[in-house]
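Visitor: generate coordinates for the sequence data below:
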Amino acid sequence: MVIIAAGGGWLEMVAKLLIVGREQISRFMYAHFNFQEWIVTNDKVGIRALEICYIMTNNTTTTTPTGLFSWIDAFEWIALSAITIIVMISTHSLEEPPLTQTWAQLGMGVGCLSFVDFLANLMRLGNYATFQIIAQCITVFNTVLLLPIWILWLGKQLETIQIQQQAQAKPENQPLTTTATTTAPKAQQQQQEQQQQEQQQQQQQISPQPPVQKTGVAAGTTKEIPEDVVLS
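Guide: Numbers count the residues shown, from 1 in each chain. Next comes the predicted model:
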């Protein structure tokens, strides 16, 4: 689709440049060359030859078949038809398309009229007067009414899609900030607890343990003395 649009725009630019060059050289030749008297006095053969060359490249006459630039216009209509058909197919192929189906159907109508306009441009070679009127009517209806509505509708939908994406992006970013702020104190508390535990272990290793007194008689026990020893 991008290639078709780029090709149509490039051809239109080249055609406009050729039209400007044709107008300039025609005016220059008419001002500086003798087109009034070629064979006899005031026969105007040169002006007729210049007019024939103008008709061969013109695309606005209504009495004779047009020339070079008419085929460029015909290609532009077939390119527009192909673009709208591709947009219609791509929109209907998605389960949840970002663009509405009604907008795609309107584009399909624009594409069908563009294709009919292309055919009318081709049929002008057979019956120029009839198909020229048909082509002009389709061109006016398509370019003045339908195509501007289609483009404005597309711009409105793109604006709403951008707003929806921004609204969806904000809730996703908020939990990240809250978790970032809540996880920082938790990490500091864990570090403090680890430091306290390490200090307690170090204090237990440094403090001396009380010595254990070893006695022959256990505390709280009595030993009987023989009577012989007491009497003596």
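
Visitor: who's in contact with stretch 139-159?
Guide: 98-100, 103, 106-107, 109-110, 113-114, 117 (Cβ atoms under 8 Å, 6 or more residues apart in numbering). (Each C-beta comes from the backbone N, C-alpha and C, glycine too.)

Visitor: may I see the ChimeraX selection of the buried members of those residues?
Guide: Of the contacts of stretch 139-159, the buried ones can be selected in ChimeraX as follows, counting by 16 or more other Cβ atoms under 10 Å:
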select :99,103,106,107,110,113,114,117
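
Visitor: make JSON lines out of the contacts of stretch 139-159 and add distance to Gln166 and pLDDT.
Guide: Converted to JSON lines, the contacts of stretch 139-159 look like this (distance: Cβ to Cβ, whole Å; pLDDT from 0 to 100):
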{"residue": "Pro98", "distance to Gln166": "14", "pLDDT": "83"}
{"residue": "Leu99", "distance to Gln166": "18", "pLDDT": "85"}
{"residue": "Thr100", "distance to Gln166": "20", "pLDDT": "87"}
{"residue": "Trp103", "distance to Gln166": "21", "pLDDT": "90"}
{"residue": "Leu106", "distance to Gln166": "27", "pLDDT": "91"}
{"residue": "Gly107", "distance to Gln166": "26", "pLDDT": "90"}
{"residue": "Gly109", "distance to Gln166": "32", "pLDDT": "92"}
{"residue": "Val110", "distance to Gln166": "30", "pLDDT": "92"}
{"residue": "Leu113", "distance to Gln166": "36", "pLDDT": "92"}
{"residue": "Ser114", "distance to Gln166": "35", "pLDDT": "91"}
{"residue": "Asp117", "distance to Gln166": "40", "pLDDT": "90"}
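
Visitor: tell me the two of the contacts of stretch 139-159 that are most distant?
Guide: Based on Cβ to Cβ, the longest span within these runs between Pro98 and Asp117 and measures 29.3 Å.
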